[in-house]
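Undergrad: For reference, the sequence and a predicted model appear below.
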Amino acid sequence: MNEKIVALLVTLFLGLFIVIGAGVTFFVKKKEKFIDFALAFAFSVILMLLFTDLLPEVSEVLGVKHILLFFIFVIVGIFILRILDFFIPDHEDEKMTKKQEKDNLAHIGTLSSIALVLHNIIEGMAIYSTCTSSLRAGLMISLGVGCHNIPLGMVIASTIYQSNKSIKKTIFIILGLMLSTFFGGMIMFFMNGAELNAVFIGVLLSITIGMLVYICSNELYPKIRKSKNKRISWCGIIAGIVLIAVTCFL
């Protein structure tokens, strides 16, 4: 089979980890406790992902001479989601009705999805390029990245489903997230595997970092801090740290 087709299939395979994470949400009975666990799990996974993957990668891509670009576009990433806050209502408040709580969960899921789509497109591009040069290396990277995507699929599916109770809508969003990685591979496929400008990749990564920082500080942390199941939240945080540590070792 053509190596480029194989590389595309790997990017599609990577997206399936998000579906696996989302599928878990439909087999859990205690939804509130599961959401508390999933939010804390995603919080620690995103933070670990920032420090173990994204920051080292953007540092390597941009280097010291483009450090100003890094800070500018991190702020741009934060600003993008901050602007979206004004267009997507249902912010978290000290006291919320059940309807407001559901709407707020959808708010978190929407913002997380936007950041994850951008992140997955970049991942798809990078993994496609790796697979065309070394299939074994590409598969190993996909396995590690896929483990990162499982809890993210869990938290997005659980928050969106909990807010709208629609399996069809939730599946539609999850499929979009799954295909975003494949879309990144398709970009590289139609570019004939050409390498993108390093500064351009660094800018996209910097925007993604800004978005993820915003999600952690303004969306996930407030929910964890106000959780009634503190023990479960701590279990989620620890489980996320352990997962990333294991995947980094692998």
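TA: In hand now; what should we look at?

Undergrad: Tell me where the protein has helices.
TA: Secondary structure of the chain (DSSP state H): helices located at 3-24, 31-49, 55-62, 67-87, 98-133, 135-164, 167-190, 198-214, 221-225, 230-249.

Undergrad: Quick one: neighbours of Cys131, just the number.
TA: Per other CB atoms under 10 Å, the neighbour tally for Cys131 reads 26. Quick note: C-beta positions are derived from backbone N, CA and C, even for glycine.

Undergrad: contacting residues for it?
TA: The contact partners of Cys131, by CB atoms under 8 Å, 6 or more residues apart in numbering, come to Glu3, Val6, Ala7, Val10, Ala137, Gly138, Leu139.

Undergrad: least confident pick among the residues you listed?
TA: Lowest pLDDT of the contacts of Cys131: Ala137, 67.

Undergrad: how close does the residue nearest to Phe79 when sequence neighbours are not counted sit to Phe37?
TA: Nearest non-adjacent residue to Phe79, counting by CB to CB, 6 or more residues apart in numbering: Gly210, 7.6 Å away. Distance, Gly210 to Phe37, using CB to CB, to the nearest Å: 26 Å.

Undergrad: got it, and Thr52?
TA: To Phe37, Thr52 is 22 Å away according to CB to CB.

Undergrad: next one: Tyr161
TA: Counting by CB to CB, the gap from Tyr161 to Phe37 is 15 Å.

Undergrad: Settle this for me: Met154 is touching Phe26, isn't it.
TA: No - counting by CB atoms under 8 Å, Phe26 is not a contact partner of Met154; they are 10.8 Å apart.

Undergrad: ok, the two, which is more surrounded?
TA: Between Met154 and Phe26, Met154 has the larger neighbour count (other CB under 10 Å), namely 26 against 12.

Undergrad: Just the pLDDT at the residue nearest to that one when sequence neighbours are not counted, thanks.
TA: Nearest residue to Met154 in three dimensions, chain neighbours excluded: Gly21, at 4.1 Å (CB to CB, 6+ apart). pLDDT for Gly21: 78.

Undergrad: re the thing from before, looking at Thr52 and Phe37, which has the bigger crowd around it?
TA: Legend: neighbour count by other CB under 10 Å for Thr52 and Phe37, higher for Phe37 (26 against 16).
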